[in-house]
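Asker: no letters, just coordinates:
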């Protein structure tokens, strides 16, 4: 009978081939799973990077709201190579996005208005990657809402996120007094009312000066009957009318609205709530009406003086920061002359003086003018606008 030893070798070779095939198939499956896991991880990394860039942009918008005042300097297209201070810092973003997928990752963030484009198409409530990017890169319609589009790519895997955000406004914390100043003078000798401390309010407002009328007879210089009801008081110790943070926020709002002026404008804007004049001795003598009783404003002069004369009517609060540090009772930082009228109040920091003089009531307290002063707050996402769009 012939030997059968060769069959053992053949059988072993067949089993080895089957086992090798199974091993290769298992290896291929495991390799495929690893590749799929890698792809999913890179997709997640792209999502996380886009979200981090978006969140940093929200934070930046809180300090640099792109209102219509920045028409010549709109929000930039931000990428990892951008140097604009408004953009997320590449090194900072890398710090919150460590790991192997950070190498060669790219990102881009854009800000767009939510208004209507030239074709009459609106992106106010729904982002369209066709319509929205045609909008200006600033809040040109001044409704304090913009879209953020954030895109990130990690090893060829791209994620695009969009979200609409809005800028909150906070009530400014300030004393509701008809006048706060270093001192106050009137220029008319009669006993007619020049300052109405009550107006339409339920209670009269305070009229307070920082000087001491016991030691300085020019501290509160007015005739009986010119302040009614007479709520005047000296030795005010309340400090500046507003906090430094509030003042900074109001300045930023004026810059965003295009109502920031390096020096005195020819005329005050007639319908903007916040006006900032950085320096100058401003005089407005005309028959102009600024703002309205239902929509009062705030005019801030940083370094300098402001005088209203003629038949000017101003609805709102005049606030002088007195950066020039006027201290004398004759250093008139805010003046009214002629038939000018202010419906609101006058605030002067430091020792600067207020001078009131006309043939009738020059200053009438209006509490609504103080309640209407709002400063920029935080930027927050608008609910149900965050989504990932196909790419």
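Answerer: In hand now; what should we look at? It should be emphasised that the depicted structure is a prediction, and the values quoted were computed from it without experimental measurement.
Asker: and residue 92, that's in a strand?
Answerer: No. Counting by DSSP: H, G, I helix; E, B strand; the rest coil, one finds residue 92 to be helix, located in no strand.
Asker: wait, what's in contact with it?
Answerer: residue 56 (CB atoms under 8 Å, 6 or more residues apart in numbering). The way it works is simple: take the backbone N, C-alpha and C, and place the C-beta from them, glycine included.
Asker: distance check, it against residue 318.
Answerer: Between residue 92 and residue 318 the computed distance is 41 Å (CB to CB, to the nearest Å).
Asker: same question, residue 145
Answerer: From residue 145 to residue 318 the distance is 31 Å (CB to CB).
Asker: how about residue 390?
Answerer: Look at residue 390 and residue 318: by CB to CB, they are 54 Å apart.
Asker: the two - which one has more neighbours?
Answerer: Taking other CB atoms under 10 Å, residue 390 and residue 318 do not tie; residue 318 has more neighbours (25 against 5).
Asker: from what I can see the more buried one touches residue 343, true?
Answerer: No. Between residue 318 and residue 343 there is no contact under CB atoms under 8 Å: 11.1 Å.
Asker: my read: residue 150 touches residue 161, true?
Answerer: Yes. The criterion here is CB under 8 Å, and residue 150 meets it with residue 161 at 4.9 Å.
Asker: okay, these two: which has more neighbours?
Answerer: Here residue 150 and residue 161 are compared on neighbour count by other CB under 10 Å; more neighbours surround residue 150, at 26 against 21.
Asker: how about residue 267, what does it touch?
Answerer: 284, 286, 288.
Asker: buried ones in whichever helix or strand residue 380 is part of?
Answerer: If you go by DSSP states H and E, residue 380 is part of strand 374-381. Buried positions in strand 374-381, judged by neighbour count with 16 or more other CB atoms under 10 Å: 374-376, 379.
Asker: buried set for the helix or strand that it is followed by?
Answerer: The element immediately downstream of strand 374-381 (helix or strand, assigned by DSSP H and E) is strand 387-389. Buried residues in strand 387-389, counting neighbours by 16+ other CB under 10 Å, are absent.
Asker: roughly how far does the nearest residue in space to residue 104 that is not next to it in sequence sit from residue 49?
Answerer: Among residues not flanking residue 104 along the chain, residue 155 sits closest, at 7.1 Å (CB to CB, 6 or more residues apart in numbering). Separation of residue 155 from residue 49 (CB to CB): 12 Å.
Asker: cool, and residue 213?
Answerer: Distance of residue 213 to residue 49, computed by CB to CB: 65 Å.
Asker: picking up where we left off before, now do the residue nearest to residue 104, the pLDDT please.
Answerer: Looking at residue 155, its pLDDT is 82.
Asker: near it, how many other residues are there?
Answerer: Residue 155 is flanked by 16 other residues according to other CB under 10 Å.
Asker: what of residue 65?
Answerer: With neighbours defined by other CB under 10 Å, the count for residue 65 comes to 22.
Asker: cool, residue 10 as well?
Answerer: Residue 10 has 9 neighbouring residues, counting by other CB under 10 Å.
Asker: over to it. Which of the three states is it?
Answerer: helix.
Asker: dump the residue contacts of it.
Answerer: Taking CB under 8 Å, 6+ apart, we find residue 10 in contact with no residue.
Asker: that's a strand at residue 230, yeah?
Answerer: No. Residue 230 is assigned coil when assessed by three-state DSSP, not a strand.
Asker: the nearest residue to residue 123 once chain neighbours are set aside: what's it in contact with?
Answerer: Sequence neighbours aside, residue 132 is the residue nearest to residue 123 in space, at 4.2 Å (criterion: CB to CB, 6+ apart). By CB under 8 Å, 6+ apart, residue 132 lies in contact with 112, 114, 123, 147, 149, 162.
Asker: change it to 10 Å
Answerer: Each residue near residue 132 by CB atoms under 10 Å, 6 or more residues apart in numbering is listed here: 110, 112-114, 117, 121-124, 126, 146-147, 149, 162, 164.
Asker: wait, isn't residue 43 in contact with residue 391?
Answerer: No. Using CB atoms under 10 Å, residue 43 makes no contact with residue 391, being 11.1 Å away.
Asker: now do the SS call for residue 50.
Answerer: helix.
Asker: count the neighbours of it for me.
Answerer: Neighbours of residue 50 using other CB under 10 Å come to 25.
Asker: helix or strand: which one has the residue lying closest to it once chain neighbours are set aside?
Answerer: Spatial nearest neighbour of residue 50, excluding adjacent residues (CB to CB, 6+ apart): residue 152 at 3.9 Å. Element membership for residue 152 (DSSP H and E) is strand 145-154.
Asker: what's the angle between that strand and strand 374-381?
Answerer: Relative orientation of strand 145-154 and strand 374-381, computed by axes from the mean of the first three to the mean of the last three CA atoms, to 10 degrees: 40 degrees.
Asker: just checking, next helix/strand downstream of the helix or strand containing residue 309?
Answerer: For residue 309, the enclosing helix or strand under DSSP H and E is strand 297-310. Elements were assigned by DSSP H and E; along the chain past strand 297-310, the next helix or strand is strand 313-320.
Asker: note down every partner strand of the very next helix or strand once past that next one and its orientation.
Answerer: Past strand 313-320, further along toward the C-terminus, the next helix or strand under DSSP H and E is strand 332-336. Paired neighbours of strand 332-336 in the sheet (DSSP bridges): strand 297-310 (parallel), strand 353-356 (parallel).
Asker: residue 208 is nearest to which of these?
Answerer: For the strands paired with strand 332-336, the distance to residue 208 is smallest for strand 353-356, at 11.1 Å, taking CB to CB.
Asker: tell me the mean pLDDT for the closest one?
Answerer: Averaged across strand 353-356, pLDDT comes to 96.
Asker: got a list of contacts for the helix or strand following that strand?
Answerer: Note on strand 353-356: by DSSP H and E, the next helix or strand toward the C-terminus is strand 363-365. Residues outside strand 363-365 that contact it (CB under 10 Å, 6+ apart): 176-179, 193-201, 203-207, 227, 231, 314-315, 318, 334, 336, 340-346, 354, 356.
Asker: what's around the spatially closest residue to residue 66 that is not a sequence neighbour, how many residues?
Answerer: In space, residue 66 comes closest to residue 138 once its chain neighbours are excluded; the distance is 3.8 Å by CB to CB, 6+ apart. As a burial measure, residue 138 scores 22 neighbours (other CB under 10 Å).
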